[in-house]
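Asks: This is a predicted model, with the sequence first.
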Amino acid sequence: MSVDESYRVTSLEQVRACVGEPIEGIAVKVDDHIDEFARAFIEKSPFIVLSTSDLSGNIDGSPKGDDPGFVHVEDEHTIVIPDRPGNRLAMGHQNILANEHVGILFMIPGTNETLRVNGRAELTSEPQVLDGLAAREKPALLAIRVHVDECFFHCAKAFIRSKLWKPETWPEKQKISFGRMLAGKFGVEGDAVTQVADQIDELVEEDYRTNL
C-alpha cells in the first residue's frame, strides 16, 4: 500500500492540530514521587509492563507479575522490582545496563485506571534485597531498583474502549504453541513436526508448573 507523505506528521504543531492542546491544569497530576495514592495502587497491583530501550532507541516491553504488591516501595522516590525465572534472554537487563531510563505501567484486574511510573533503573544482586523480594520460598534472581522521576495515574478510557475486564466480551482463549513455532526454526519437517512440537509444548507446561 502506498503512503501519502503529505499526511506524515513531523512536528509538535501538527500533533497538536490533531489531538488538541493539553487539558488545562492536567499536568498537575504528574508527581516526582510515590504519594499515598500511588503506593496503595502499587501494593494491590499483581502485574506490570516494564519498558526499556538501548542507546540506539530499540525498545523492549516486558510483562512482569506475581502476587499483589510484588513490586516493593522502598520510599517515596524508589521502587524495587523482583526478577523471577524466565527465558533468560535478559533483553530488559541489557537495555538497563546501556540506558537507565525506564517506564512502568501498573495494572489491577478489574480497575480501569492505571499507574505510570518513569524513572532511572539500576540492577542489584544484594542478598538482603533479593531475600526481601522472595516468593514461593525462593529469593528473587535479581532486582531492578527504579529511582522515580515521574508518577501519575492514567485515565480509564483505553480500558473502557477495549472492554478488557469484561469477560463476556473476551474472544475464545488462544492456544499459543511454542512447539509449532520452534519446530520449523529447528529444521523439523514432515511427520516429525507434530511430535517435536508436542514435546516442546510439554516442556513449556512443565516449566510453568515447576519454575515460577
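Replies: Structure's in. What do you need? What you are looking at is a predicted structure, and each value in this text was computed from that prediction instead of being measured.

Asks: quick one: H77 from E43, how far?
Replies: Here H77 is placed at a distance of 17 Å from E43 (Cβ to Cβ, to the nearest Å). Quick note: C-beta positions are derived from backbone N, CA and C, even for glycine.

Asks: Quick check: mean pLDDT of the longest strand along the chain?
Replies: When the chain is parsed with DSSP state E, its longest strand is strand 142-154. Average pLDDT, strand 142-154: 97.

Asks: and that strand, which residues are buried?
Replies: L142, A143, I144, R145, V146, V148, D149, C151, F152, F153 (16 or more other Cβ atoms under 10 Å).

Asks: With respect to R209, which of the residues you listed is nearest?
Replies: Checking the buried residues of strand 142-154 against R209 by Cβ to Cβ gives L142 as the nearest, at 22.8 Å.

Asks: mind listing what the closest one touches?
Replies: Contact analysis of L142 by Cβ atoms under 8 Å, 6 or more residues apart in numbering lists P82, D83, H93, L123, T124, S125, L130.

Asks: would you list the residues you listed in a markdown table and tack on distance to A183 and neighbour count?
Replies: Output for these, formatted as a markdown table (distance: Cβ to Cβ, whole Å; neighbours: other Cβ atoms under 10 Å):
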| residue | distance to A183 | neighbour count |
| --- | --- | --- |
| P82 | 33 | 21 |
| D83 | 29 | 19 |
| H93 | 29 | 18 |
| L123 | 34 | 15 |
| T124 | 39 | 14 |
| S125 | 36 | 11 |
| L130 | 36 | 19 |
